[in-house]
Each structure stands twice: as structure tokens, then as C-alpha cells.
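In: This is a predicted model, with the sequence first.
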Amino acid sequence: MEQKEWFAEWFDTCYYHTLYKNRDEKEAANFISRLIVNLKLPKNAYLLDLACGKGRHSITLNQLGYTVKGVDLSPNSIAEANKSANERLSFSVQDMRQAMSNEKFDAIFNLFTSFGYFDSIEDNIRVVQAINKMLNENGILVIDFMNATKVIKSLVLSECKVIDGIDFQIERKYDGQHISKFIHIRDGEEFFDYSERVQALRLIDFENLLIENGFEILRTFGDFNLNPFEENSSDRLIIIAKKI
């Protein structure tokens, strides 16, 4: 049997959602609201939430009055997201490296470090090219990524968490290209091991990737309050780009 890529396996487990259950939903909603004000998207815009997980950002965008489609590689996440579907909010399983046929969007959102999962730079290019194909002329791309410089500088190498009676032992490392997280789980008498592996992409990497594949970077931000990006200190790297 062909082994699944780490993200296809880990993101489709219940343990992934347990480990990250304390994400700040209010902060996420406030971030989306600020973004929409900044982008000045018309209310008839059709939006794509690329790698949407269970759809929390999609739901917020829809509540703000937009028609939204959310896609993710995880069937379990999409099944959960579909519980919130309505006539202007839909979800489907999709690999971000492949463009959806017969779908065009005014803006595409790729949020919460949902990029750089792959081993090859060629896969990054495939993602950006797929995004370009799915955007209308002058369409907007929003990428919200970790600030790799700060993450590497403050990397916590080992920690333990107990959530809902489940033990998570987490180890992290940076190998010069990827930031990896190894998750060892004890759930009663059962033991599981998963991993996360994300490319340590910096602003210059995104600049090269986007400019070479039909985008112009309009502005960057360094946190969910949309303060300016500072490589050594910002919590996030948020990029606003336009298809050209």
C-alpha cells in the first residue's frame, strides 16, 4: 500500500483536531474581518478558502456576506465543515496542487500556515500555478504563514500536553530547510506517532515564487491585527498579492 503524505494522514485524524482545539476562534474571526476591510472586496465576490480544515474561516467569510467555497484534502474535515454548508457556502475535498475545473474566484485565502507541506519546491510552484488558474483577472491571493525566522529563533524542542485525557509528547527540530514536529500520542492503552513537516519559507522565498508565477505582491503584514511585517519580531507573515 502506498504510504500517505504526512499531511494527508495527520490532518485526517481526530487527534489533530484535539491537539489544536484551543485555537482562538474570536481572534480568527477578528482577523478575517480586518482583512475584508483592508481588501475592500465587493459583496458579490466569490471566495475560495484553500486548505480550509473544518471551515472556520470559510464560515466567517460567509457570515460577512460572501459566497464561499472551502476545500481541503481531509475527507473527515470536509465532512465536519459540510455541517455548516448553505446555499452560499459549500465544501469539497481537493488537493491544492490541482486547479478545480470550471471554477473561478475573485479572491483565494490560504490561511494558518497551510502552505509548504511538500518536500519539493516544484509542488509549491504547482500550488501557486493552480491558484493563478482559479483566480479571475486581477484576483487577490492572501497567504497567512508562520514567520519562519521567529519560529526558528524561539523553537521549543520538546513539550508535553494532556488534552481530554490524551497525552501528547511533542518534539521539534529545524534541519536547515524544514521545521518538523514529531507527535507521540498515548490514548489509554493505544499509542500513535504522527509528524508535521513544513518548509521554513521566508518572505524572499514567497516573493520569488509569486513573482515568477504571475503575481504582484501588494503589501505584507506581521500579525492578525495587520501591523507591518518585521522579519525578526513579527508573529506571522501575511501576504496580499494580485494576479497580473
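Out: That came through, no problem. Keep in mind that this is a model prediction, so the values were computed, not measured. Residues are numbered from 1 along each chain as shown.
In: distance of the spatially most distant residue from the centre of the chain from I166?
Out: Ranked by distance from the centre of the chain (CA atoms, centre = their mean), the top residue is E189, with 32.6 Å. Distance, E189 to I166, using CB to CB, to the nearest Å: 12 Å. Using the backbone N, CA and C atoms, a C-beta is placed for each residue, glycine as well.
In: just the strands in the protein please.
Out: 46-50, 67-72, 89-93, 105-110, 135-146, 158-163, 166-174, 178-187, 190-199, 215-221, 236-243 (DSSP state E).
In: Would you check that S74 makes contact with E9?
Out: No - the criterion here is CB atoms under 8 Å, and S74 misses it with E9 at 9.6 Å.
In: Indicate which one of the strands of the chain is closest to Y16.
Out: strand 190-199 (7.6 Å; CB to CB).
In: Off-centre distance for that closest one?
Out: 17 Å (CA atoms, centre = their mean, to the nearest Å).
In: Name the surrounding residues that touch it.
Out: Applying CB atoms under 8 Å, 6 or more residues apart in numbering, the set of residues contacting strand 190-199 from outside is 6-7, 9-10, 13, 15-16, 113, 116-119, 124, 146, 177-185, 205.
In: Could you do stretch 138-149 as well?
Out: With CB under 8 Å, 6+ apart, stretch 138-149 has contacts from 31, 35, 39, 41, 105-113, 115-116, 131, 135, 179, 198, 200-202, 206, 210, 215, 222, 229, 231-232, 234-244.
In: Can you say which of those are buried?
Out: Neighbour-count burial (16 or more other CB atoms under 10 Å) applied to these gives 31, 35, 39, 41, 105-113, 115-116, 131, 135, 179, 198, 200-201, 206, 210, 215, 222, 229, 234, 236-243.
In: where does this structure have low pLDDT?
Out: Counting by pLDDT under 70, the chain has low-confidence residues at 1-3, 24.
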